[in-house]
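Engineer: Mind looking at a prediction? Sequence and model below.
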Amino acid sequence: MLGLNIFRLIGEFFELLFIPFKWLRLTLAKSDAGWWTSNGLNWIFLVVLIVLLAYWMKESLRFKKEGTEDRA
């Protein structure tokens with residue numbers, strides 16, 4: 001019974017977490033600009049991910065040059 005309750009709790013948590021996305025999907029389906037808006041949102045996410053990846057790679061290169069990359 002405890003294991004089932006844990007999985008139900010995880011499911012309810014993710015349902016609450018995705019409420020804004022459900023609202024966005026329903027709102028964009030009603031408007032004419034829904035396709036453009038959703039693709040614009042995807043481009044924003046993509047740009048954020050590229051910026052974060054560039055920062056991560058820059059920091060990784062800095063640690064490699066300092067020689068502190070794999071110290072335990």
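Structural biologist: Yep, that arrived. Residues are numbered from 1 along each chain as shown.
Engineer: surely Ser31 meets Thr37?
Structural biologist: Yes: here Ser31 reaches Thr37: they are 7.4 Å apart, a contact under Cβ atoms under 8 Å. Any C-beta I mention is one placed from the backbone N, CA and C, and that applies to glycine too.
Engineer: buried residues in the helix or strand of the chain with the lowest mean pLDDT?
Structural biologist: When the helices and strands of the chain are scored by mean pLDDT, DSSP states H and E, helix 19-30 comes last with a mean of 82. Applying a neighbour-count criterion of 16 or more other Cβ atoms under 10 Å, one finds Leu28 buried in helix 19-30.
Engineer: would you list every one of the helices in the chain?
Structural biologist: Remark: helices assigned in the chain by DSSP state H are 2-17, 19-30, 34-66.
Engineer: Give the rounded mean pLDDT of the last one.
Structural biologist: When the per-residue pLDDT values of helix 34-66 are averaged, the result is 90.
Engineer: counting contacts, what elements does it pack onto?
Structural biologist: For helix 34-66, the packing partners by 3 or more Cβ pairs under 8 Å, 6 or more residues apart in numbering; DSSP states H and E come out as helix 19-30.
Engineer: Pull the distance from the helix it packs on to the chain's centre.
Structural biologist: 17 Å (Cα atoms, centre = their mean, to the nearest Å).
Engineer: quick one: that helix to helix 34-66, angle?
Structural biologist: If you take axes from the mean of the first three to the mean of the last three Cα atoms, to 10 degrees, helix 19-30 sits at 140 degrees to helix 34-66.
Engineer: Would you mind pulling up the elements that helix 19-30 packs against?
Structural biologist: helix 34-66.
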